[in-house]
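Q: got a predicted model here, sequence first, then my questions.
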Amino acid sequence: MSVYTDLSAKEVAAYLSQFSLGDYENHQGISAGVENTNFFVEIGGKKYVLTIFEHHNAEEVENFINIGRHLAEQGVPVPGPIADDAGLYLHELKNKPAILCPCLPGSHPEKITADHCQQIGKALAQFHLAGDGLPLEENNRGLQWWPEIGRELIQISATTRPLNEPLLTEEQQHVLVDEVEFQESNTELWYSLPRGLIHGDLFHDNALFEIAEFNNEKDGDTLGAILDIYNACQDAWLFDLAIVANDWCANDNGTWIEGNLPALMTGYQSVRKLTELEQQAWGMCLRAAALRFWLSRLTTQQHQAEAIAKDPMAALVTTIKDPMEYFLKLMRHRETQY
(Lines give C-alpha, C1' and ligand atoms only; values in the text may rest on other atoms or scores of the structure.)
Protein backbone atom coordinates (compact mmCIF):
# COMPACT_ATOMS: atom_id res chain seq x y z
CA MET A 1 0.00 0.00 0.00
CA SER A 2 2.63 2.44 -1.11
CA VAL A 3 1.74 5.87 -2.50
CA TYR A 4 1.69 5.83 -6.29
CA THR A 5 -1.10 8.39 -6.75
CA ASP A 6 -0.54 11.63 -4.85
CA LEU A 7 -3.44 13.78 -3.67
CA SER A 8 -3.49 17.39 -2.52
CA ALA A 9 -5.36 18.53 0.57
CA LYS A 10 -7.90 20.20 -1.72
CA GLU A 11 -8.52 16.96 -3.63
CA VAL A 12 -8.95 14.91 -0.45
CA ALA A 13 -11.28 17.50 1.09
CA ALA A 14 -13.41 17.55 -2.07
CA TYR A 15 -13.69 13.76 -1.98
CA LEU A 16 -14.63 13.76 1.71
CA SER A 17 -17.33 16.39 1.17
CA GLN A 18 -19.51 13.52 -0.11
CA PHE A 19 -19.56 12.06 3.44
CA SER A 20 -21.12 13.56 6.57
CA LEU A 21 -18.15 12.71 8.76
CA GLY A 22 -16.94 16.15 9.75
CA ASP A 23 -14.34 18.58 8.51
CA TYR A 24 -11.13 17.49 6.79
CA GLU A 25 -8.08 17.93 9.04
CA ASN A 26 -5.13 16.25 7.29
CA HIS A 27 -3.99 13.21 5.34
CA GLN A 28 -0.76 11.23 5.22
CA GLY A 29 0.53 8.60 2.81
CA ILE A 30 1.00 5.06 4.10
CA SER A 31 4.26 3.53 2.91
CA ALA A 32 3.59 -0.06 4.05
CA GLY A 33 2.44 -2.59 1.45
CA VAL A 34 3.13 -2.79 -2.26
CA GLU A 35 0.09 -2.65 -4.56
CA ASN A 36 -2.44 0.10 -3.76
CA THR A 37 -2.17 3.73 -2.70
CA ASN A 38 -3.36 4.35 0.87
CA PHE A 39 -3.72 7.44 3.03
CA PHE A 40 -4.54 7.93 6.67
CA VAL A 41 -7.19 10.65 6.71
CA GLU A 42 -8.31 12.57 9.79
CA ILE A 43 -11.85 13.90 9.74
CA GLY A 44 -13.73 15.38 12.67
CA GLY A 45 -11.21 13.99 15.16
CA LYS A 46 -11.39 10.44 13.79
CA LYS A 47 -9.02 8.50 11.55
CA TYR A 48 -9.97 6.69 8.33
CA VAL A 49 -8.14 4.92 5.51
CA LEU A 50 -8.57 6.11 1.93
CA THR A 51 -7.58 3.49 -0.66
CA ILE A 52 -6.94 4.12 -4.36
CA PHE A 53 -6.74 0.96 -6.44
CA GLU A 54 -3.83 1.01 -8.86
CA HIS A 55 -4.44 -2.30 -10.65
CA HIS A 56 -8.15 -3.06 -10.23
CA ASN A 57 -11.04 -1.69 -12.26
CA ALA A 58 -14.35 -0.49 -10.82
CA GLU A 59 -16.09 -3.81 -11.40
CA GLU A 60 -13.38 -5.68 -9.49
CA VAL A 61 -13.55 -3.21 -6.60
CA GLU A 62 -17.34 -3.56 -6.47
CA ASN A 63 -16.74 -7.27 -6.04
CA PHE A 64 -14.36 -6.62 -3.11
CA ILE A 65 -16.95 -4.33 -1.53
CA ASN A 66 -19.59 -7.05 -1.77
CA ILE A 67 -17.21 -9.66 -0.33
CA GLY A 68 -16.29 -7.35 2.56
CA ARG A 69 -19.91 -6.59 3.42
CA HIS A 70 -20.82 -10.28 3.23
CA LEU A 71 -17.94 -11.32 5.49
CA ALA A 72 -18.78 -8.62 8.03
CA GLU A 73 -22.37 -9.87 8.13
CA GLN A 74 -21.00 -13.37 8.82
CA GLY A 75 -19.01 -12.08 11.79
CA VAL A 76 -15.58 -12.13 10.14
CA PRO A 77 -13.54 -9.16 11.46
CA VAL A 78 -12.93 -7.18 8.27
CA PRO A 79 -13.25 -3.38 7.89
CA GLY A 80 -16.26 -2.64 5.72
CA PRO A 81 -16.21 0.38 3.39
CA ILE A 82 -18.20 3.48 4.32
CA ALA A 83 -21.10 4.68 2.17
CA ASP A 84 -21.37 8.35 1.24
CA ASP A 85 -24.48 10.47 1.76
CA ALA A 86 -26.01 9.02 -1.43
CA GLY A 87 -25.41 5.44 -0.26
CA LEU A 88 -22.46 4.85 -2.62
CA TYR A 89 -19.36 2.96 -1.53
CA LEU A 90 -17.28 3.25 -4.69
CA HIS A 91 -15.86 6.54 -5.98
CA GLU A 92 -13.23 7.67 -8.43
CA LEU A 93 -10.09 9.69 -7.78
CA LYS A 94 -7.77 10.60 -10.64
CA ASN A 95 -9.59 8.09 -12.85
CA LYS A 96 -9.00 5.23 -10.40
CA PRO A 97 -11.44 3.42 -8.08
CA ALA A 98 -11.37 4.62 -4.47
CA ILE A 99 -13.05 3.68 -1.19
CA LEU A 100 -13.03 4.97 2.39
CA CYS A 101 -12.82 2.60 5.38
CA PRO A 102 -12.63 3.09 9.14
CA CYS A 103 -9.18 2.87 10.70
CA LEU A 104 -9.57 0.02 13.16
CA PRO A 105 -7.77 -0.13 16.53
CA GLY A 106 -4.86 -2.46 17.06
CA SER A 107 -1.40 -2.98 15.64
CA HIS A 108 0.67 -5.54 13.78
CA PRO A 109 2.48 -7.95 16.11
CA GLU A 110 6.15 -7.07 16.55
CA LYS A 111 7.03 -10.71 17.20
CA ILE A 112 4.74 -13.43 15.91
CA THR A 113 3.98 -15.99 18.61
CA ALA A 114 2.28 -19.38 18.56
CA ASP A 115 -0.79 -17.72 20.11
CA HIS A 116 -1.00 -15.26 17.21
CA CYS A 117 -0.74 -18.19 14.78
CA GLN A 118 -3.48 -20.17 16.49
CA GLN A 119 -5.82 -17.18 16.39
CA ILE A 120 -5.12 -16.39 12.74
CA GLY A 121 -5.51 -20.05 11.80
CA LYS A 122 -8.96 -20.18 13.36
CA ALA A 123 -9.95 -16.87 11.74
CA LEU A 124 -8.71 -18.03 8.33
CA ALA A 125 -10.88 -21.16 8.46
CA GLN A 126 -13.87 -19.00 9.42
CA PHE A 127 -13.03 -16.67 6.53
CA HIS A 128 -13.01 -19.63 4.13
CA LEU A 129 -16.35 -21.04 5.27
CA ALA A 130 -18.02 -17.62 5.41
CA GLY A 131 -17.56 -17.23 1.65
CA ASP A 132 -20.08 -19.98 0.91
CA GLY A 133 -22.58 -18.80 -1.70
CA LEU A 134 -20.58 -15.79 -2.88
CA PRO A 135 -20.01 -15.40 -6.64
CA LEU A 136 -16.22 -15.48 -6.96
CA GLU A 137 -13.63 -14.82 -9.62
CA GLU A 138 -10.87 -17.38 -10.16
CA ASN A 139 -7.46 -16.43 -8.75
CA ASN A 140 -5.65 -14.31 -11.36
CA ARG A 141 -2.33 -14.88 -9.56
CA GLY A 142 -2.70 -18.65 -9.46
CA LEU A 143 -1.72 -21.68 -11.49
CA GLN A 144 -2.51 -20.10 -14.87
CA TRP A 145 -0.51 -16.93 -14.12
CA TRP A 146 2.79 -18.49 -13.03
CA PRO A 147 4.03 -19.71 -16.44
CA GLU A 148 2.88 -16.51 -18.15
CA ILE A 149 4.64 -14.12 -15.76
CA GLY A 150 7.61 -16.49 -15.51
CA ARG A 151 8.27 -16.23 -19.24
CA GLU A 152 7.97 -12.44 -19.03
CA LEU A 153 10.45 -12.18 -16.15
CA ILE A 154 12.95 -14.46 -17.91
CA GLN A 155 12.66 -12.29 -21.01
CA ILE A 156 13.30 -9.15 -18.93
CA SER A 157 16.39 -10.83 -17.44
CA ALA A 158 17.67 -11.67 -20.93
CA THR A 159 17.35 -8.06 -22.11
CA THR A 160 18.73 -6.34 -19.01
CA ARG A 161 21.59 -3.99 -19.86
CA PRO A 162 25.06 -5.43 -19.09
CA LEU A 163 25.82 -2.75 -16.50
CA ASN A 164 22.76 -3.72 -14.45
CA GLU A 165 22.26 -6.90 -12.47
CA PRO A 166 19.80 -9.25 -14.21
CA LEU A 167 16.39 -9.60 -12.61
CA LEU A 168 16.98 -13.36 -12.36
CA THR A 169 20.26 -15.26 -12.26
CA GLU A 170 20.70 -18.33 -14.46
CA GLU A 171 20.15 -20.56 -11.42
CA GLN A 172 16.93 -18.75 -10.55
CA GLN A 173 15.69 -19.01 -14.13
CA HIS A 174 16.28 -22.76 -14.02
CA VAL A 175 14.44 -23.06 -10.70
CA LEU A 176 11.55 -20.99 -12.05
CA VAL A 177 11.08 -23.13 -15.15
CA ASP A 178 11.38 -26.36 -13.14
CA GLU A 179 8.95 -25.24 -10.43
CA VAL A 180 6.31 -24.08 -12.91
CA GLU A 181 6.57 -27.45 -14.68
CA PHE A 182 6.16 -29.23 -11.32
CA GLN A 183 3.05 -27.24 -10.43
CA GLU A 184 1.52 -27.71 -13.89
CA SER A 185 2.14 -31.46 -13.68
CA ASN A 186 -0.13 -31.43 -10.61
CA THR A 187 -3.00 -29.55 -12.24
CA GLU A 188 -5.51 -32.37 -11.64
CA LEU A 189 -4.57 -32.47 -7.95
CA TRP A 190 -4.88 -28.68 -7.68
CA TYR A 191 -8.45 -28.69 -8.91
CA SER A 192 -9.37 -31.68 -6.74
CA LEU A 193 -8.60 -29.81 -3.52
CA PRO A 194 -11.44 -28.18 -1.53
CA ARG A 195 -11.96 -24.71 -2.99
CA GLY A 196 -13.78 -21.50 -2.26
CA LEU A 197 -13.12 -17.98 -1.02
CA ILE A 198 -9.47 -17.27 -0.13
CA HIS A 199 -7.90 -14.12 1.26
CA GLY A 200 -4.83 -14.52 -0.92
CA ASP A 201 -2.55 -12.12 0.99
CA LEU A 202 -2.97 -12.72 4.72
CA PHE A 203 0.50 -11.70 5.83
CA HIS A 204 1.03 -10.62 9.43
CA ASP A 205 0.93 -6.96 8.39
CA ASN A 206 -2.63 -7.56 7.17
CA ALA A 207 -3.88 -8.38 10.65
CA LEU A 208 -4.41 -6.15 13.67
CA PHE A 209 -4.16 -7.37 17.26
CA GLU A 210 -5.41 -5.51 20.32
CA ILE A 211 -3.16 -5.76 23.37
CA ALA A 212 -4.89 -6.19 26.71
CA GLU A 213 -2.90 -4.60 29.52
CA PHE A 214 -3.42 -5.06 33.22
CA ASN A 215 -1.16 -3.38 35.75
CA ASN A 216 1.08 -2.28 32.90
CA GLU A 217 1.71 -5.93 31.99
CA LYS A 218 0.77 -7.39 28.60
CA ASP A 219 -1.86 -10.07 29.11
CA GLY A 220 -2.10 -11.43 25.59
CA ASP A 221 -3.02 -10.12 22.17
CA THR A 222 -6.47 -10.56 20.65
CA LEU A 223 -7.09 -10.60 16.90
CA GLY A 224 -9.11 -7.50 16.07
CA ALA A 225 -9.21 -7.31 12.29
CA ILE A 226 -8.17 -8.91 9.02
CA LEU A 227 -7.18 -6.26 6.48
CA ASP A 228 -6.65 -5.94 2.73
CA ILE A 229 -9.13 -8.36 1.19
CA TYR A 230 -8.28 -6.99 -2.26
CA ASN A 231 -6.76 -10.29 -3.39
CA ALA A 232 -9.83 -12.26 -2.33
CA CYS A 233 -10.89 -14.75 -4.99
CA GLN A 234 -11.56 -18.44 -5.56
CA ASP A 235 -8.80 -20.99 -5.18
CA ALA A 236 -7.75 -23.98 -3.06
CA TRP A 237 -8.18 -23.29 0.65
CA LEU A 238 -4.94 -25.18 1.34
CA PHE A 239 -3.04 -22.73 -0.87
CA ASP A 240 -4.33 -19.87 1.30
CA LEU A 241 -3.25 -21.70 4.45
CA ALA A 242 0.20 -22.21 2.91
CA ILE A 243 0.48 -18.47 2.21
CA VAL A 244 -0.15 -17.80 5.90
CA ALA A 245 2.28 -20.52 7.00
CA ASN A 246 5.10 -19.15 4.83
CA ASP A 247 4.80 -15.72 6.44
CA TRP A 248 3.59 -16.27 10.01
CA CYS A 249 5.49 -19.48 10.75
CA ALA A 250 8.80 -19.18 8.88
CA ASN A 251 11.94 -17.10 9.17
CA ASP A 252 13.12 -15.11 6.14
CA ASN A 253 15.40 -18.00 5.11
CA GLY A 254 12.53 -20.50 5.16
CA THR A 255 13.31 -22.28 8.43
CA TRP A 256 10.29 -22.87 10.64
CA ILE A 257 9.79 -20.84 13.82
CA GLU A 258 9.45 -23.31 16.67
CA GLY A 259 5.84 -23.87 17.70
CA ASN A 260 4.19 -21.55 15.18
CA LEU A 261 3.19 -24.02 12.46
CA PRO A 262 1.58 -26.56 14.83
CA ALA A 263 -0.35 -23.69 16.45
CA LEU A 264 -1.54 -22.43 13.05
CA MET A 265 -2.74 -25.91 12.11
CA THR A 266 -4.46 -26.40 15.48
CA GLY A 267 -6.31 -23.12 15.13
CA TYR A 268 -7.37 -23.80 11.54
CA GLN A 269 -8.49 -27.37 12.17
CA SER A 270 -10.52 -26.34 15.22
CA VAL A 271 -12.94 -24.95 12.62
CA ARG A 272 -12.28 -27.03 9.48
CA LYS A 273 -10.41 -30.34 9.37
CA LEU A 274 -8.01 -30.87 6.47
CA THR A 275 -8.93 -33.72 4.17
CA GLU A 276 -6.58 -36.62 3.47
CA LEU A 277 -5.96 -35.22 -0.01
CA GLU A 278 -5.04 -31.83 1.46
CA GLN A 279 -2.57 -33.44 3.84
CA GLN A 280 -0.91 -35.15 0.87
CA ALA A 281 -0.76 -31.87 -1.08
CA TRP A 282 0.72 -29.74 1.73
CA GLY A 283 4.26 -29.67 0.36
CA MET A 284 3.03 -28.79 -3.13
CA CYS A 285 0.99 -25.88 -1.78
CA LEU A 286 3.85 -24.55 0.35
CA ARG A 287 5.99 -24.50 -2.79
CA ALA A 288 3.18 -22.87 -4.79
CA ALA A 289 2.65 -20.15 -2.19
CA ALA A 290 6.38 -19.35 -2.15
CA LEU A 291 6.48 -19.32 -5.96
CA ARG A 292 3.49 -16.98 -6.17
CA PHE A 293 5.06 -14.33 -3.92
CA TRP A 294 8.52 -14.69 -5.38
CA LEU A 295 7.04 -13.92 -8.80
CA SER A 296 4.73 -11.14 -7.65
CA ARG A 297 7.51 -9.44 -5.68
CA LEU A 298 9.78 -9.60 -8.71
CA THR A 299 7.02 -8.05 -10.81
CA THR A 300 6.37 -5.33 -8.24
CA GLN A 301 10.10 -4.66 -7.88
CA GLN A 302 10.31 -4.08 -11.63
CA HIS A 303 7.30 -1.73 -11.62
CA GLN A 304 8.59 0.18 -8.60
CA ALA A 305 12.01 0.61 -10.20
CA GLU A 306 10.34 2.10 -13.26
CA ALA A 307 8.27 4.46 -11.08
CA ILE A 308 11.30 5.62 -9.09
CA ALA A 309 13.27 6.17 -12.31
CA LYS A 310 10.55 8.60 -13.40
CA ASP A 311 10.23 10.25 -9.98
CA PRO A 312 13.01 9.65 -7.40
CA MET A 313 10.76 11.08 -4.67
CA ALA A 314 8.54 7.99 -5.08
CA ALA A 315 11.17 6.04 -3.15
CA LEU A 316 10.19 7.95 0.02
CA VAL A 317 6.65 6.51 0.04
CA THR A 318 7.26 3.14 -1.58
CA THR A 319 7.77 -0.13 0.24
CA ILE A 320 10.01 -2.60 -1.58
CA LYS A 321 9.72 -6.17 -0.34
CA ASP A 322 12.66 -8.41 -1.16
CA PRO A 323 11.82 -11.19 -3.65
CA MET A 324 14.85 -13.16 -2.41
CA GLU A 325 13.00 -14.02 0.82
CA TYR A 326 10.48 -16.06 -1.14
CA PHE A 327 13.09 -17.59 -3.43
CA LEU A 328 14.84 -18.91 -0.31
CA LYS A 329 11.55 -20.21 1.08
CA LEU A 330 10.81 -21.93 -2.21
CA MET A 331 14.24 -23.56 -2.22
CA ARG A 332 13.75 -24.74 1.36
CA HIS A 333 10.41 -26.36 0.48
CA ARG A 334 11.86 -27.97 -2.68
CA GLU A 335 14.51 -29.64 -0.51
CA THR A 336 12.05 -30.85 2.16
CA GLN A 337 9.84 -33.93 2.20
CA TYR A 338 6.41 -33.17 3.71
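A: Received it, and whenever you're ready, just let me know what you need.
Q: now H55, nearest residue through space, not along the chain?
A: E35 (6.3 Å; C-beta to C-beta, 6 or more residues apart in numbering). Just so you know, the C-beta spots here come from the backbone N, C-alpha and C atoms, and that holds for glycine as well.
Q: that's a helix at E62, yeah?
A: Yes - counting by DSSP: H, G, I helix; E, B strand; the rest coil, E62 is located in a helix.
Q: neighbours of it, how many?
A: E62 is flanked by 15 other residues according to other C-beta atoms under 10 Å.
Q: isn't it up against L88?
A: No - contact status for E62 versus L88: not in contact, 10.7 Å apart, counting by C-beta atoms under 8 Å.
Q: ok, the residue nearest to T255 when sequence neighbours are not counted - how many residues close by?
A: Leaving out its chain neighbours, the residue that sits closest to T255 by C-beta to C-beta, 6+ apart is R332, at 7.0 Å. Neighbour count of R332, defined by other C-beta under 10 Å: 19.
Q: same question, the one 5 residues further on
A: Neighbour count for Q337, taken as other C-beta under 10 Å: 4.
Q: start at 6, not 1
A: Got it, the first residue is 6 from now on, which makes the last one we talked about Q342.
Q: which secondary structure state is assigned to the most centrally placed residue in the chain?
A: In the chain, the centroid-proximal residue (C-alpha atoms, centre = their mean) is D206; its distance is 2.5 Å. What three-state DSSP gives for D206 is coil.
Q: packing partners for the longest strand seen in the chain?
A: Ranked by residue count and defined by DSSP state E, the top strand of the chain is strand 222-231. Contacts defined by 3 or more C-beta pairs under 8 Å, 6 or more residues apart in numbering; DSSP states H and E place strand 222-231 against helix 119-135, strand 212-219.
Q: now the ones you listed as TSV including mean neighbour count and distance to C254?
A: Formatted as TSV, the helices and strands packed on strand 222-231 follow (neighbours: other C-beta atoms under 10 Å; distance: least, C-beta to C-beta, whole Å):
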stretch	mean neighbour count	distance to C254
helix 119-135	22	6
strand 212-219	16	14
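Q: nearest to D11, out of these?
A: Closest approach to D11 among those is made by strand 212-219 (26.1 Å; C-beta to C-beta).
Q: isn't D240 up against R200?
A: Yes - look at D240 against R200 with C-beta under 8 Å: they come within range, at 6.4 Å.
Q: compare those two (neighbour count), which wins?
A: The residue with more neighbours, out of D240 and R200, is D240; 27 against 18, by other C-beta under 10 Å.
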